[in-house]
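Student: I'll drop the sequence and a predicted model, then ask my questions.
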Amino acid sequence: MCDSARYPQATHHPCHQPVWAESVQTKQAFIASIGRNHKIEKARLMTALERDMKVLDSIDATA
């Protein structure tokens, strides 16, 4: 997945939507399964999830 946060030349198009949507769903499932004593991992995944959701929102907005 080309991520514009990591690669400035990356572009996101409607054809990329399924991949980003799957990434969001996967991260949400992992976050839901993490116990309370794994706060650092949960915070890391939340940051990644927020980034994925922003990309997905931008793809949906242009579609």
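Tutor: That came through fine.
Student: In this protein, where's the longest helix?
Tutor: Criterion DSSP state H: the longest helix present in the chain is helix 39-62.
Student: Pick out the residue nearest the middle of the chain.
Tutor: Residue closest to the average C-alpha location in the chain (Cα atoms, centre = their mean): residue 52, at 2.1 Å.
Student: For it, list the residues it contacts.
Tutor: Residues counted as contacts of residue 52 (Cβ atoms under 8 Å, 6 or more residues apart in numbering) are 20, 23-24, 27. In short, each C-beta sits where N, CA and C put it, glycine included.
Student: List the backbone torsions phi and psi for residue 13.
Tutor: Note on residue 13: backbone dihedrals following degrees, to the nearest 10 are phi -130, psi 160.
Student: Can you give me the separation between it and residue 24?
Tutor: Here the criterion is Cβ to Cβ, to the nearest Å. By it, residue 13 lies 17 Å from residue 24.
Student: With residue 15 instead?
Tutor: According to Cβ to Cβ, residue 15 and residue 24 sit 17 Å apart.
Student: can you check residue 33 too?
Tutor: From residue 33 to residue 24 the distance is 15 Å (Cβ to Cβ).
Student: and the two? which has more neighbours close in?
Tutor: residue 24 (17 against 8; other Cβ atoms under 10 Å).
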